[in-house]
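Peer 1: Here is the input, now give the coordinates:
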Amino acid sequence: MAKPENIAEAQARIANFITEEKQRVLRRKSGSEQFLDYGEFATLCHKVQVEWCSMMERKNAREIEAACNFAQVVIAPNTRTKIKILKQITSGVGGVAGFAAILAAVGSSLGWGATALSAATTFFVGTSMVPVMGWATAGVAFLGIALYFACKSDDPYELSNKAEQTLRNSVNKAIEEAWNKGE
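Peer 2: Numbers count the residues shown, from 1 in each chain. Alright, predicted model coming up:
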């Protein structure tokens, strides 16, 4: 597979890949189960990262990984899992180009207002303060941010669609950031 020539081509390839992988999973499911569960979505996110690395001839995909992790938080089955993923995101934030732009795409997908987006950005960009704040305070902060990712519905179809929308938007922004960074 040849490397894409521009951002638009890279974004289109990944968008098509997401659609194809999702359809592959849904073809095996009955009509009432036409949604991705958390495990299936996590697998899709992993495949997106592998596809990006293969397509771009890279060994890692930090921007894409951050985008995928944010999307997984949306569909995570419980608060404990959301917090676990958020901790992974904060440990990998350093060096991710355009992290705030990726987070803005996530916030847009989830319908966050300016206040929520500002709080989330401050939390993730200011993670170096966590050891100073103490782990009890950090735990409360993680819980608060996890609540920003909570959807208003328990409908698995709606959660799956919201996670997919978040994945598509954040990956598009991550591709722009990685491309502009020259990776």
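
Peer 1: Could you say which helix or strand holds the residue lying closest to residue 6 once chain neighbours are set aside?
Peer 2: Take residue 6 and drop its neighbours on the chain: the residue closest to it by C-beta to C-beta, 6 or more residues apart in numbering is residue 179, 8.0 Å away. (Glycine included, C-beta is placed from N, CA and C.) Using DSSP states H and E, residue 179 sits within helix 156-181.

Peer 1: swap in residue 154?
Peer 2: Using DSSP H and E, residue 154 maps to neither a helix nor a strand.

Peer 1: quick one: it and residue 43, what's the gap?
Peer 2: From residue 154 over to residue 43 the distance is 22 Å, taken as C-beta to C-beta, to the nearest Å.

Peer 1: Just the strands from this structure, written as ranges.
Peer 2: Using DSSP state E, no strands are found in the chain.

Peer 1: what's the least confident helix or strand in it, going by average pLDDT?
Peer 2: helix 130-133 (a mean of 42; mean pLDDT, DSSP states H and E).

Peer 1: rewinding a little: check whether the residue nearest to residue 6 really touches residue 11, as I assumed.
Peer 2: No: with contact defined as C-beta atoms under 8 Å, residue 179 does not reach residue 11; the gap is 9.1 Å.

Peer 1: For this protein, which segments are assigned as helices?
Peer 2: Using DSSP state H, the helices found in the chain span residues 7-26, 38-56, 62-75, 79-92, 99-110, 114-125, 130-133, 135-148, 156-181.

Peer 1: follow-up on the earlier one: buried set for the helix holding residue 179?
Peer 2: Going by neighbour count (16 or more other C-beta atoms under 10 Å), the buried part of helix 156-181 is 156, 159-179.

Peer 1: Stretch 27-45 too?
Peer 2: Of the residues in stretch 27-45, those buried (16+ other C-beta under 10 Å) are 35-38, 40-42, 44-45.
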